[in-house]
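Trainee: output the structure for:
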Amino acid sequence: MSEKLLAGLQLMVFGMGMVYVFLIVMIFCMKLMSKVIAPIAAKQKAAEDAAKKAAAAAKPAAVSGDDAVLAAAAVAAVAAKTK
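Mentor: Just a heads-up that it's a prediction; the model follows:
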């Protein structure tokens, strides 16, 4: 019985050690990927910001498409109600 208990204890320690090593390797890999991906993400964010600024500058200042549709719907509702 003592031999089985000792074997089980050794197996448990080995298994827990392997999990610990796996977690350490996983954390190392995640930090490495974070450092590798950060410049790429910064370039992409800068490109998206530039595209948003260009799109905002290209829009007419008066009324956008959605506002025009809402305004037309409000005018039609008022006209239908007053008749």
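Trainee: pLDDT on stretch 35-44, on average?
Mentor: Here stretch 35-44 scores 92 as its mean pLDDT.
Trainee: distance between that stretch and the chain's centre?
Mentor: 14 Å (Cα atoms, centre = their mean, to the nearest Å).
Trainee: equivalent analysis for stretch 39-52, please.
Mentor: Worked out by Cα atoms, centre = their mean, stretch 39-52 lies 14 Å from the chain centre.
Trainee: dump the C-alpha coordinates for it into PDB.
Mentor: Taking Å, rounded to 0.1, in the frame of the first residue of the first chain, the C-alpha atoms of stretch 39-52 are listed here in PDB:
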ATOM      1  CA  PRO A  39       4.100  47.700 -33.700                       C
ATOM      2  CA  ILE A  40       1.800  46.200 -36.200                       C
ATOM      3  CA  ALA A  41      -1.200  47.100 -34.200                       C
ATOM      4  CA  ALA A  42       0.000  50.700 -33.800                       C
ATOM      5  CA  LYS A  43       0.500  51.000 -37.600                       C
ATOM      6  CA  GLN A  44      -3.000  49.600 -38.200                       C
ATOM      7  CA  LYS A  45      -4.600  52.000 -35.600                       C
ATOM      8  CA  ALA A  46      -2.800  55.000 -37.200                       C
ATOM      9  CA  ALA A  47      -4.100  54.000 -40.600                       C
ATOM     10  CA  GLU A  48      -7.700  53.600 -39.300                       C
ATOM     11  CA  ASP A  49      -7.500  57.000 -37.600                       C
ATOM     12  CA  ALA A  50      -6.300  58.600 -40.800                       C
ATOM     13  CA  ALA A  51      -9.100  57.000 -42.800                       C
ATOM     14  CA  LYS A  52     -11.700  58.200 -40.300                       C
END
